[in-house]
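Undergrad: Predicted model and sequence below, questions to follow.
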Amino acid sequence: MTTEATPAATPDDRPLNTVDALVQLSFLTQRVLSLTGAEHDLSVVQIRLLGILRDRQAGMLELGGHLGLDKSSMTGLVTRAEKRGLVRRSPSPHDGRAVLVSLTPLGRRLTADCTAEITRRLTALTDRLTAPQRDRLTELATALLDAPAAG
């Protein structure tokens, strides 16, 4: 496990506006996901798959919608995770043609480990904020996430 520091932004690197700030924050978050994934031989998409499945089982179509993947890409992603023993497929009780995907015990352990590491890294970033600022950040991020997706 690495303990890398995030360098402070220089005046030239600071966001120019809200869009720039959101894009830079997205890059920082993606870096945390990538570093964590690399430590566990997982891609960011595989981490997202495990994250979606941590509290539910889901159909392939639903997973593809969450991940923005077409049917063949989704099948390949699940097949690779299944070969590693992280997920299992089972027939849907409601639709004989559909397949549900869920975590295996190994997948649950790996998901918990990744979640803890991502939480540690992102918490380290937000520790420089006061408690009211963190609450406000959560409130604003939730408002953005609740808004209709931009097309």
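TA: The structure has been received and is ready for your questions.
Undergrad: for the chain, what spans make up the strands?
TA: 58-59, 87-91, 99-103 (DSSP state E).
Undergrad: Columns mean neighbour count on top of those strands, output as a markdown table?
TA: C-beta here means a position set from N, CA and C on the backbone, and glycine is covered the same way. Formatted as a markdown table, the strands of the chain follow (neighbours: other CB atoms under 10 Å):
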| stretch | mean neighbour count |
| --- | --- |
| strand 58-59 | 16 |
| strand 87-91 | 15 |
| strand 99-103 | 19 |
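Undergrad: Now render the ones you listed as CSV, adding distance to Thr130 and mean pLDDT.
TA: Shown next, in CSV, are those (distance: least, CB to CB, whole Å; pLDDT from 0 to 100):
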stretch, distance to Thr130, mean pLDDT
strand 58-59, 37, 94
strand 87-91, 40, 95
strand 99-103, 36, 95
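Undergrad: of all those strands, which lies closest to Ala131?
TA: When the strands of the chain are compared by CB to CB, strand 99-103 sits nearest Ala131, at 33.1 Å.
Undergrad: still on that earlier bit, which among the strands of the chain is found nearest to Arg120?
TA: Nearest to Arg120, of these and by CB to CB, is strand 99-103 at 21.1 Å.
Undergrad: Give me the contacts around the closest one.
TA: 50, 53-54, 56-60, 63, 78, 86-92, 111 (CB atoms under 8 Å, 6 or more residues apart in numbering).
Undergrad: hmm, try it at 10 Å
TA: With contact meaning CB atoms under 10 Å, 6 or more residues apart in numbering, strand 99-103 is reached by 49-50, 52-63, 74-75, 77-78, 81-82, 86-94, 107-112.
Undergrad: For the strands of the chain, give me JSON lines that also has distance to Val23.
TA: Output for these, formatted as JSON lines (distance: least, CB to CB, whole Å):
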{"stretch": "strand 58-59", "distance to Val23": "29"}
{"stretch": "strand 87-91", "distance to Val23": "32"}
{"stretch": "strand 99-103", "distance to Val23": "31"}
